[in-house]
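Colleague: 3D model of this:
(4 chains)
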There are 2 protein chains.
Amino acid sequence: MVTVRDVAKLAGVAPITVSRVVNNAPGVNPLTRTRVSKAIAELHYVPNAMAKSLRSSKTHTIALVLTDVTNPFWTTIARSVEDTAAQKDYHVILCNTDENPEKEANYINILLQRRVDGIIIAPTTDNGSVLLPLKRHNIPCVVIDREVHGFKADVVRSDGEQGARRLTEHLIQLGHRRIAMISGPAHISTAEERLTGYCQALQNHDIPVDKSLIKQGNYKEGSSFQFVRELLSVTPRPTAIFATNNFMGVGVLRALREAGLRVPEDMALVCFDDIPQASAIYPFLTVCAQDASKIGAVAAELLLKRITTQARRRKFREIVLDTELIIRKSCGQELGKCAA
Amino acid sequence: MVTVRDVAKLAGVAPITVSRVVNNAPGVNPLTRTRVSKAIAELHYVPNAMAKSLRSSKTHTIALVLTDVTNPFWTTIARSVEDTAAQKDYHVILCNTDENPEKEANYINILLQRRVDGIIIAPTTDNGSVLLPLKRHNIPCVVIDREVHGFKADVVRSDGEQGARRLTEHLIQLGHRRIAMISGPAHISTAEERLTGYCQALQNHDIPVDKSLIKQGNYKEGSSFQFVRELLSVTPRPTAIFATNNFMGVGVLRALREAGLRVPEDMALVCFDDIPQASAIYPFLTVCAQDASKIGAVAAELLLKRITTQARRRKFREIVLDTELIIRKSCGQELGKCAA
DNA sequence: GCGGTAAATGGTACCGTTATCATGGTAACG
DNA sequence: CGTTACCATGATAACGGTACCATTTACCGC
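Modeller: Numbering: from 1, shown residues only, chains lettered A, B, ... in the order given. This next block holds a predicted model:
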């Protein structure tokens, strides 16, 4: 492997001068610079980023730890973090936790080993203990999508309570009173928020919260079949279902179809998070959409600011973004009117 | 920062012994091992992966260079590559080229600097020159989705010619004779293959290939509006459109709607690549689906085998996977029957 | 002509691991 | 009891950059 020393020898200079040329550092005579550049090209020298990082203790890498790149919500965030980071010459390591705290802890350990300059993370629990090693090693950290107790960091998230309230109120306005909810995993703040928003909306309209209509899901598509079966056997049967994320919404839709029920005629459906590509093909699901792209960009900017400026200990900020209620077809019209 | 030396001092051993413990290497007395482990825990020692890589010249990292993680086709590949790599304790750096050869070249340079152990890449051109540095630095490389001339490597791809032929034949069987095509960028083998398959199908049924019905797209959603407008002004107007990837399919659908045309009543539409989430919500687009998950897994396995075994110079393999024709609603029924 | 300053260049050591080889100790063996 | 063999452990020197400081040269103003 070609090293600075080889280049230096060919160009007749000291290794450090080659280093200066490679990094466009000042203090090199233009003639020397071209001579070195020529040697670099001739030998096809490629600097070793590891050696550089080792010496300078900077990796120019940030990590993005999220649930699952397969979900368009996270994909959009990933893309926007990458674009923002790339502009400042930072690279991104992507990690999928699948909502599994063990995987999360494992990744955090790996990222510490890699000495990433910072981390953007959607934690799998609201308990900061998994994140403590980051504090200990003084790694700048931005938490996205969720809140964590007992862990100080910048937070970028959407206002899930408001979003859930609006979604529920939309159903109420259409005449629904028996609204079922598939909530998210316990100990994840977005799940709690959305549940709170749902309950608030019901209470605001003097509708009692019926626990038999609330099922705890896991933000994945899988478990929906069981839930839907259970919900359909409750009497009186719910007339609407609120799925607290997009994947569970899809699962519910599938399960309902399999049960021979039509949406919205037999059952209204809303969910949190949009699926943009799906909506482009057929605008069907009524959803509360988050601005994933903005979440990613803002988070990356915050993180890079902490990394590149001395202001590491500046006060932490919590940025809460608005959501958008997108009304499409999955709730149909007012309940009375569409009764078959 | 805590180093092996600090741990060694505390445990009363030499640094190398700590290294042995950390790496679970043999030849350490169990008692010593626990003593060192205790010291590691006490000091919260985290080994420095860069120093390790520098010394051992292995990074345990592979790169995945693809078009755009926002597209479910690539997302699925990304996920499956990551899962496969993680099983063997390898990590993945993700790079989006946006079909831009400059970005691609830039990423390749960066990846060389990072000394990744191998690369899985979907090249932006069929010209291997951008990839030559990989050869020069002897980086194992697996090409996915596409073929490249003048660059020897393992290749994992789908049979696009067959897929395009079947898609086109499906349209022909429904009675379509004027079938327009939005093809992919020049110099990308998938684009050429799909075009070839399309032409073959037409020729097999004695339908002349009409160049005014073939537009060259870029695999992105954007340009479709212009194309659709152009196609609608051709006489006789085409009765079906074949979009050679999913995003362009969505674009065409949008453009047709905006032009006030219904699919499939006024225009049939097929495209290459599925959008699984969209189809789960509303099974609409008739597509030729690739097994993205398998492409990723096979590519990762091939690459890791080359990296971890001595067989670096074994003969290169080209693995061609079958595609699946999924008939949904975007072509309607036989042409005669659905004429308005 | 001299001190002062800035630009260009280089020497040396070190970042944190581990490859390589060496060493001491102990058990096994004939 | 000497020899072999193996186990546990360590000393040393790299891996490929660059931080830090020193040196040389040229030029400036007085």
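
Colleague: helix, strand or coil for the closest residue to A:Lys329 other than its chain neighbours?
Modeller: Leaving aside its chain neighbours, A:Lys329 sits nearest to A:Phe284 (5.2 Å; criterion: Cβ to Cβ, 6 or more residues apart in numbering or on different chains). All C-beta spots, glycine's among them, are computed from the backbone N, C-alpha and C. Using DSSP: H, G, I helix; E, B strand; the rest coil, the structure places A:Phe284 in coil.

Colleague: Then A:Leu54?
Modeller: Strictly by three-state DSSP, A:Leu54 counts as helix.

Colleague: Just to check, the residue nearest to A:Lys329 is in contact with A:Cys331?
Modeller: No. Distance between A:Phe284 and A:Cys331: 10.5 Å, which falls outside the contact criterion (Cβ atoms under 8 Å).

Colleague: Neighbour count for the two, which is higher?
Modeller: Neighbours per residue (other Cβ atoms under 10 Å in any protein chain shown) separate A:Phe284 from A:Cys331, with A:Cys331 holding more: 24 against 20.

Colleague: helix/strand/coil for that one?
Modeller: Going by three-state DSSP: A:Cys331 is coil.

Colleague: show me the contacts for it.
Modeller: A:170-171, A:174, A:240, A:264, A:268-270, A:286 (Cβ atoms under 8 Å, 6 or more residues apart in numbering or on different chains).

Colleague: Same check on A:Pro185?
Modeller: Counted by Cβ under 8 Å, 6+ apart, A:Pro185 has contacts A:99, A:191, A:216-219.

Colleague: Which residue lies closest in space to the most centrally placed residue in chain A, excluding its sequence neighbours?
Modeller: The residue lying closest to the centre of chain A (Cα atoms, centre = their mean) is A:Trp74, at 4.6 Å. For A:Trp74, ignoring the flanking residues on the chain, the nearest one in space by Cβ to Cβ, 6+ apart is A:Leu66 at 4.7 Å.

Colleague: for the one you found, which residues make a bridge with it?
Modeller: Counting by DSSP bridges, A:Leu66 forms beta bridges with A:Asn96.

Colleague: Please, where are all the strands along the stretch 51-200 of chain A?
Modeller: Here the stretch 51-200 of chain A has its strands, by DSSP state E, counting those that start in this stretch, at A:61-66, A:91-96, A:118-121, A:141-144, A:154-158, A:179-183.

Colleague: Check those for me: which has the lowest mean pLDDT.
Modeller: Mean pLDDT values for those show the minimum at strand A:91-96, a mean of 93.

Colleague: outside of that one, which residues touch it?
Modeller: A:60-69, A:78, A:81-82, A:85, A:103, A:107, A:111, A:114, A:116, B:78-79, B:82, B:91-94, B:110.

Colleague: Return only those of the residues you listed found close to DNA strand D.
Modeller: Among those, no residue lies close to DNA strand D (Cβ under 7 Å from any atom of the strand).

Colleague: Give me the buried subset of those residues.
Modeller: Buried residues within the contacts of strand A:91-96, counting neighbours by 16 or more other Cβ atoms under 10 Å in any protein chain shown: A:60-69, A:78, A:81-82, A:85, A:103, A:107, A:111, A:114, A:116, B:78-79, B:82, B:91-94, B:110.

Colleague: For chain A, list the residues in contact with DNA strand D, please.
Modeller: A:1, A:3-5, A:15-16, A:19, A:22-23, A:45-48, A:51-52, A:54-56.

Colleague: Swap in 6 Å and give it another go.
Modeller: With the criterion set to Cβ under 6 Å from any atom of the strand, chain A comes near DNA strand D through A:1, A:3-4, A:15-16, A:19, A:22-23, A:47-48, A:51-52, A:54-56.

Colleague: what subset of these is also close to chain B?
Modeller: Taking Cβ under 8 Å from any Cβ of the partner chain as the test, chain B is in contact with A:1, A:47-48, A:51, A:54 out of the residues of chain A next to DNA strand D.

Colleague: Weed out the non-buried ones from these.
Modeller: Buried among these by 16+ other Cβ under 10 Å: A:47-48, A:51, A:54.

Colleague: would JSON lines of these with pLDDT be doable?
Modeller: Formatted as JSON lines, those follow (pLDDT from 0 to 100):
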{"residue": "A:Pro47", "pLDDT": "97"}
{"residue": "A:Asn48", "pLDDT": "97"}
{"residue": "A:Ala51", "pLDDT": "97"}
{"residue": "A:Leu54", "pLDDT": "96"}
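
Colleague: Would you convert those residues into CSV that also reports distance to A:Thr244?
Modeller: Formatted as CSV, these follow (distance: Cβ to Cβ, whole Å):
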residue, distance to A:Thr244
A:Pro47, 48
A:Asn48, 47
A:Ala51, 48
A:Leu54, 45
